[in-house]
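# Just the structure for this:
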Amino acid sequence: MKTLLPLICLLFCVQHSFAQKEGAKQTLLKFATYQDDDKKVDSLICFIYPNYFLNDNEELVKIGQFMLTESLKRKDLLFQSYAYAIIGNAYRTMGNSSKGLTYLQKALDLAIKSEKAALISYCKNQMGNVYKDRENWKEALKFYSSALSFSKSVSNKKVKSWASMNLGAVYLNLNQLDSALIYLQSSYETQANDANLAYVLLSLGSVHTKLGNLKLGHTYCAMAIDKAIEKHNNRQEIQAYIAMAENFAALNQIDSCLIYSKKAINKIGNGKYFYLSIKPAKMIANYYSKSNCDSTLKYATIFQVATDSFYSKKVNFQMQAISDEYELKQMELAAVKENEAIHQKQNIQFALIALGIFVFITLYLLLSRSFITSTQLIEFFGVMSLLIVFEFFNLLLHPLIEEFTHHTPVLMLLALVCLAAMLIPLHHKLEKWATNKLIKKNKEIRLANAKKTLSTLQEDAS
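Numbering: from 1, shown residues only. Next up is the predicted model:
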């Protein structure tokens, strides 16, 4: 019986986990079938993953890959962008910043292509998280500020709340505490018991700790711990323990500081959030350096291993290379868009010129038939209209000639000569035909009018 009980519990856990996975998949697939794109995006962004995924990012990668496969089958850019974002965020929270950033860049590119502001804000916010984790505050601020800007044009409050929350966290680390308090308070007011409420609370606690409001900071940190435990969010629970440890350090209650620092490290263990052990290990190592050599060595080693793993030169180089490549790609896309805009403007101008020529020739033909004009004036306008048509074709074909000859002067001259050799004879024939035709018609009109006038005079005389 004693041996069967653990097996039954294990079987129950496996079955429960399988049910959670399948339930999440079916829910996400249901969102993907929505015809209203705004409803689809909001449903995906606001989906709350079961705790099974929340604390197991490897499983989150798997469900992201499942969504990616489905989105490619459906050719659904919105679903595909969200899938990349989920995979990227999962790798980022596991400490694999470079891999996470690569997926998030793909997510952002597709989001921009979809032109959905909520999805763009969501992806930019996730990219900012990568830079925030690595303490690259300049890049983090750039992405979070842009995310907040995009969030203002949509009704989804969550994306606005997340951007404000992360901007507050960045300003906290930059010691711009007034700005941090404004953004975090704004995020707190729109959280509505969101899954990230614990992170907002612990950040508010850290702000008040730095401002010297130690009791208020302690209250916020305690609330953050309770909320993280309630939501079964291991990562936020670890961060809340660290914030509480820093609060006790500011209160000069070293024993309590050590307790919460050790709680954070014990919660991390050998798990996926190893990089979060940097701060608590450093606090403990600094304290024990004055008394306990064995403990100093233990926690100093933890600190050094976590720091080297997360901030290694290899990872920094990969991050810089990925960021540089992405910036270059964005510059190339911007150049392509600029060229497309120029070509579009030129095409509009060509269309207007063609329309103008058509209207001019039509009016000329109508007026020359309707009014008595001199032969010299008909010849002049005939030459003018045909000359305009000739020059228009020359203007229209010139870019094609440049592209065909690769801007080689000799070849361009030869091509233009050949073009003129074909168009000039045609021009002369059309000019002669049109002018003669119009002059003849005009003479007929004048003769008819003269006869009419003569007939009228004869009638008046009789």
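
# how would you label Gly95: helix, strand or coil?
coil (DSSP: H, G, I helix; E, B strand; the rest coil).

# what about Ala140, how many neighbours?
Other residues lying near Ala140 total 24 when counted by other C-beta atoms under 10 Å. Glycine gets a C-beta too; all of them are placed from N, C-alpha and C.

# Now that it has come up, it's in contact with Val170, right?
Yes - if you go by C-beta atoms under 8 Å, Ala140 and Val170 touch, sitting 5.1 Å apart.

# if I look at these two, which residues touch both of them?
Here Ala140 and Val170 share the contacting residues Lys132, scored by C-beta atoms under 8 Å, 6 or more residues apart in numbering.

# so who does Val154 touch?
Shown in contact with Val154 (C-beta under 8 Å, 6+ apart): Ala117, Ala118, Ser121, Lys160.

# Show the average pLDDT along the helix or strand harbouring Glu402.
Remark: Glu402 resides in helix 375-405, with elements defined by DSSP states H and E. Along helix 375-405, the predicted local confidence has a mean pLDDT of 67.

# Equivalent analysis for stretch 287-302, please.
The predicted model gives stretch 287-302 an average pLDDT of 59.

# And stretch 130-145, by the same measure?
With pLDDT averaged residue by residue, stretch 130-145 scores 90.

# end to end, how far does it reach?
The stretch stretch 130-145 measures 15 Å between its terminal residues, going by C-alpha to C-alpha, to the nearest Å.

# which of the residues in that stretch are buried?
Under the neighbour-count criterion of 16 or more other C-beta atoms under 10 Å, stretch 130-145 has Val130, Tyr131, Lys132, Asp133, Arg134, Asn136, Glu139, Ala140, Leu141, Phe143, Tyr144 buried.

# hang on, the fifth one packs against Ser98?
What it means is Arg134. No - applying C-beta under 8 Å as the test, Arg134 and Ser98 come out as separate, 9.9 Å apart.

# Show me the strands in the stretch 201-350 of the chain, by range?
With DSSP state E, counting those that start in this stretch as the criterion, the stretch 201-350 of the chain has no strands.

# pLDDT weak spots in it?
Within the stretch 201-350 of the chain, the ranges that satisfy pLDDT under 70 run 270-272, 289-343, 346-347, 350.

# residue boundaries of the helices in it?
Listed from the start of the chain, the stretch 201-350 of the chain has helices (DSSP state H, counting those that start in this stretch) covering 214-230, 234-250, 254-268, 278-288, 293-310, 313-370.

# Same list as before, the contacts of Val154 that is, but in JSON lines and with distance to Glu237 included.
Converted to JSON lines, the contacts of Val154 look like this (distance: C-beta to C-beta, whole Å):
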{"residue": "Ala117", "distance to Glu237": "33"}
{"residue": "Ala118", "distance to Glu237": "29"}
{"residue": "Ser121", "distance to Glu237": "27"}
{"residue": "Lys160", "distance to Glu237": "25"}
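
# Counting only helices, which of these make the cut?
Ala117, Ala118, Ser121, Lys160 (DSSP state H).

# Dump these into JSON lines; add pLDDT as well.
What follows is those, written out as JSON lines (pLDDT from 0 to 100):
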{"residue": "Ala117", "pLDDT": "93"}
{"residue": "Ala118", "pLDDT": "93"}
{"residue": "Ser121", "pLDDT": "94"}
{"residue": "Lys160", "pLDDT": "89"}
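
# Sort out which of the residues you listed are buried, if you could.
Members of the ones in helices among the contacts of Val154 that pass the buried threshold by neighbour count (16+ other C-beta under 10 Å) are listed as Ala117, Ala118, Ser121, Lys160.

# and of those, the nearest to Ala415?
Closest approach between those and Ala415, by C-beta to C-beta: Ala117, at 48.1 Å.

# my guess is that closest one meets Leu148, correct?
No - the criterion here is C-beta under 8 Å, and Ala117 misses it with Leu148 at 11.4 Å.

# Mind listing the shared neighbours of these two?
Going by C-beta under 8 Å, 6+ apart, no residue sits against Ala117 while also sitting against Leu148.

# Can you give the domain ranges for the chain?
For the chain, the domain assignment from automatic domain parsing gives the residue ranges 28-156, 195-311, 329-449.

# tell me how far the ends of the longest one are from each other?
Which is domain 28-156. For domain 28-156, the first and last residues are 18 Å from each other (C-alpha to C-alpha).

# residues near the nearest residue to Leu60 once chain neighbours are set aside, how many?
Here the nearest residue to Leu60 in space, its sequence neighbours aside, is Ala90; by C-beta to C-beta, 6 or more residues apart in numbering that works out to 4.0 Å. Using other C-beta under 10 Å, Ala90 is surrounded by 25 other residues.

# can you pull the contacts of Ala90?
Applying C-beta under 8 Å, 6+ apart to Ala90 gives the contacts Asn57, Glu58, Leu60, Val61, Gly64, Gly100.

# Please check those and keep the buried ones.
The neighbour-count test (16+ other C-beta under 10 Å) applied to those identifies Asn57, Leu60, Val61, Gly64, Gly100 as buried.

# can you give me the helices for the stretch 51-200 of the chain?
Counting by DSSP H, counting those that start in this stretch, the stretch 51-200 of the chain forms helices over residues 51-54, 57-74, 77-93, 97-114, 117-133, 137-151, 157-173, 177-189, 197-211, given from the N-terminal end onward.

# now could you export just the CA positions of stretch 79-95 as PDB?
Extracted in PDB, the C-alpha atoms of stretch 79-95 (Å, rounded to 0.1, in the frame of the first residue of the first chain):
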ATOM      1  CA  PHE A  79      -1.100  33.600 -34.300                       C
ATOM      2  CA  GLN A  80       2.400  33.100 -35.600                       C
ATOM      3  CA  SER A  81       3.700  36.300 -34.100                       C
ATOM      4  CA  TYR A  82       2.200  35.400 -30.700                       C
ATOM      5  CA  ALA A  83       3.700  31.900 -30.900                       C
ATOM      6  CA  TYR A  84       7.200  33.400 -31.500                       C
ATOM      7  CA  ALA A  85       6.700  35.800 -28.600                       C
ATOM      8  CA  ILE A  86       5.700  32.900 -26.300                       C
ATOM      9  CA  ILE A  87       8.800  30.900 -27.200                       C
ATOM     10  CA  GLY A  88      11.100  33.900 -27.000                       C
ATOM     11  CA  ASN A  89       9.700  34.900 -23.500                       C
ATOM     12  CA  ALA A  90      10.100  31.300 -22.300                       C
ATOM     13  CA  TYR A  91      13.800  31.200 -23.300                       C
ATOM     14  CA  ARG A  92      14.300  34.600 -21.800                       C
ATOM     15  CA  THR A  93      12.900  33.600 -18.400                       C
ATOM     16  CA  MET A  94      15.200  30.500 -18.500                       C
ATOM     17  CA  GLY A  95      18.200  32.900 -18.800                       C
END
